[in-house]
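Asker: please find the sequence and the predicted model below.
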Amino acid sequence: MAKINGNEIRPGYILDHDGGLWAAVKVDHVKPGKGGAFAQVELRNLRIGTKLNERFRSADKVDRVELERKDQQFLYESEGMLVVMDTDSYEQTELPADLLGDRRPFLQDGMTVVVEYYEAEALNATLPPKVTCRIAETEPVVNGQTAAKSFKPALLENGVRVMVPPFVGPGEEIIVNTETMEYSARA
């Protein structure tokens, strides 16, 4: 672990703080009129998901943790556990399904996910930024609705609802951004 000053914290950094592993979600550098500058940091616990707001002065030292990132291929789901295979060693590992959170429906067979490990513990899993999905149902187009940029609701085959442009119909494949969970383009 590397020691860094409190003013060097950036969003995305993983910190060992108060006996837990925390991800810096949001960082605001504040220079009050009186007193020294500090960084107001919003932290999220990687193990239990709680949030914490903390102030770090430039003289404060914190431990920055580097997580090991591995590309792993999703094989199948069994009893709430995702079975993934390391693409280098072909070793299979079980991960809790809630590691993906609300992006879980976008996981497809054979998809490569990036799993972040601290020692031997999996703390985070990331899907590819864009995924191709098929539309199960959507509303028909209403004539005259194209004067302004408009969207209509659509239900994907994986059960997720997204807003799509009026020209997209049922049975078509679209590309969905997994970070924002929004329509990106036609496939």
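Answerer: Nice, thanks for sending it over. Here the structure is a predicted model, which is why all the values come from computation and not from measurement. Numbering: from 1, shown residues only.
Asker: mind pulling up the pLDDT for Gly33?
Answerer: pLDDT for Gly33: 86.
Asker: where's it, which helix or strand?
Answerer: For Gly33, there is no host helix or strand (DSSP states H and E).
Asker: and for it, the neighbour number?
Answerer: 4 (other Cβ atoms under 10 Å). Every C-beta, even on glycine, is put in place using the N, C-alpha and C of the backbone.
Asker: check Cys133 too.
Answerer: 22.
Asker: excluding its backbone neighbours, what's nearest it?
Answerer: The shortest distance from Cys133 to any residue other than its chain neighbours is 4.6 Å, reached at Leu156 (Cβ to Cβ, 6 or more residues apart in numbering).
Asker: so who does the one you found touch?
Answerer: Pro105, Cys133, Arg134, Ile135, Ala136, Val162, Val176 (Cβ atoms under 8 Å, 6 or more residues apart in numbering).
Asker: mind putting those residues into TSV with distance to Ala122 and secondary structure?
Answerer: Conversion of the contacts of Leu156 to TSV gives the following (distance: Cβ to Cβ, whole Å; DSSP: H, G, I helix; E, B strand; the rest coil):
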residue	distance to Ala122	secondary structure
Pro105	20	helix
Cys133	25	strand
Arg134	30	strand
Ile135	32	strand
Ala136	32	strand
Val162	28	strand
Val176	24	strand
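Asker: now the residues you listed: which count as buried?
Answerer: Pro105, Cys133, Ile135, Val162, Val176 (16 or more other Cβ atoms under 10 Å).
Asker: just for this protein, where's the confidence low?
Answerer: For the chain, the stretches flagged by pLDDT under 70 are 1, 142-148.
Asker: tell me how it divides into domains.
Answerer: Domain assignment for the chain, taken from automatic domain parsing, gives 2-65, 68-126, 130-186.
Asker: start to end distance for the shortest one?
Answerer: To tie it back to what came earlier, the one meant is domain 130-186. 12 Å (Cα to Cα, to the nearest Å).
Asker: for the residue nearest to Cys133, name its beta-bridge partners.
Answerer: On the basis of DSSP bridges, Leu156 is bridged to Ile135.
Asker: separation between it and Ala136?
Answerer: The spacing between Leu156 and Ala136, counted by Cβ to Cβ, to the nearest Å, is 6 Å.
Asker: which strands or helices does the helix or strand containing Thr132 pack on?
Answerer: Using DSSP H and E, Thr132 sits within strand 130-138. On a contact count with 3 or more Cβ pairs under 8 Å, 6 or more residues apart in numbering; DSSP states H and E, strand 130-138 meets strand 152-156, strand 173-177.
Asker: show residues contacting it.
Answerer: 106, 108, 111, 152-158, 160, 164, 168-178, 184, 187.
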